[in-house]
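Colleague: Can you look at this prediction? I've put the sequence above it.
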Amino acid sequence: TAASSMRSAGLLLRRLGGAATGAARQARRAGGARAMSAGGGEKSEAEWRQELTSAEYYVLRQKGTEPAHTGEYDKFYPEADEGYFACRACKQPLYTAAAKFNSGCGWPAFDRCVKDALKIAVDNSHGMQRVEIMCNNCGGHLGHVFHGERLTANDERHCVNSLSIKFVKGAMPGETEEETVRTKM
């Protein structure tokens, strides 16, 4: 339910002490913030703006949200061994195909992520408190995570923008260990 998601976000806020969101806010204000690219080097916001489409930039770098039920991966359900989902900006593997499920929320939903692929922060926008999920490599905004809905066995839903991810056919590079975001809280 929304109430339990709000309680989870409140618990996370107390644990983080607001530091994660404050640092992100300062970086955005500075305008010259740099983030890791697919090649391991850093990119400025100007470089990200040139590389990404305007819609991708809005979601990944400005923390926007694509309209519900419009994303290319909303109703896309690959076989578990068919491939994986990577960050659209930096190509970091984020989710296995097996982690994707149909939540009916209008955005791609996953119940777990690749270990250490995501970082979290409290998002106090829109008059509510939520847990934001971002690529741990480049800091790209992916969406939000919710608990307490009982949609999966681990009771976690990653609500992800299609514009933040790209499906890659084939085996994921390296070992595939997965975790829930709850382990980071």
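Modeller: Great, that's in hand.
Colleague: from here on, contacts and neighbour counts on C-alpha atoms
Modeller: OK.
Colleague: Run through the helices of this structure in chain order.
Modeller: For the chain, applying DSSP state H gives helices covering 2-16, 19-30, 45-51, 54-60.
Colleague: buried sites along the third one?
Modeller: Spelled out, that is helix 45-51. Buried positions in helix 45-51, judged by neighbour count with 16 or more other Cα atoms under 10 Å: 45, 48.
Colleague: cool, and the last one?
Modeller: Of the residues in helix 54-60, 56-60 count as buried by neighbour count, 16+ other Cα under 10 Å.
Colleague: for that helix, packing partners?
Modeller: Other helices and strands packing on helix 54-60, by 3 or more Cα pairs under 8 Å, 6 or more residues apart in numbering; DSSP states H and E, are strand 141-147.
Colleague: related to what we said a few turns ago, which of the helices of the chain comes out lowest on mean pLDDT?
Modeller: Among the helices of the chain, helix 19-30 carries the lowest mean pLDDT, a mean of 36.
Colleague: number of nearby residues for the closest residue to residue 116 other than its chain neighbours?
Modeller: Spatially, and ignoring its direct neighbours in sequence, residue 116 is nearest to residue 136 (7.1 Å; Cα to Cα, 6 or more residues apart in numbering). The local packing of residue 136 (other Cα atoms under 10 Å) involves 18 other residues.
Colleague: So residue 136 versus residue 91, what's the distance?
Modeller: Counting by Cα to Cα, to the nearest Å, the gap from residue 136 to residue 91 is 11 Å.
Colleague: what does residue 71 give?
Modeller: Distance of residue 71 to residue 91, given as Cα to Cα: 18 Å.
Colleague: okay, and the helix or strand of this protein with the least pLDDT?
Modeller: The helix or strand with the lowest mean pLDDT-type score in the chain, counting by mean pLDDT, DSSP states H and E, is helix 19-30 (a mean of 36).
Colleague: Off-centre distance for stretch 175-185?
Modeller: Relative to the mean C-alpha coordinate of its chain, stretch 175-185 is positioned 13 Å out (Cα atoms, centre = their mean, to the nearest Å).
Colleague: thinking again about what came up before, how about the residue nearest to residue 116, phi and psi?
Modeller: The phi and psi torsions at residue 136 (degrees, to the nearest 10) take the values phi -70, psi -20.
Colleague: and it, what is it in contact with?
Modeller: By Cα atoms under 8 Å, 6 or more residues apart in numbering, the residues touching residue 136 are 116-119.
Colleague: how about 6 Å then?
Modeller: Shown in contact with residue 136 (Cα atoms under 6 Å, 6 or more residues apart in numbering): 117-119.
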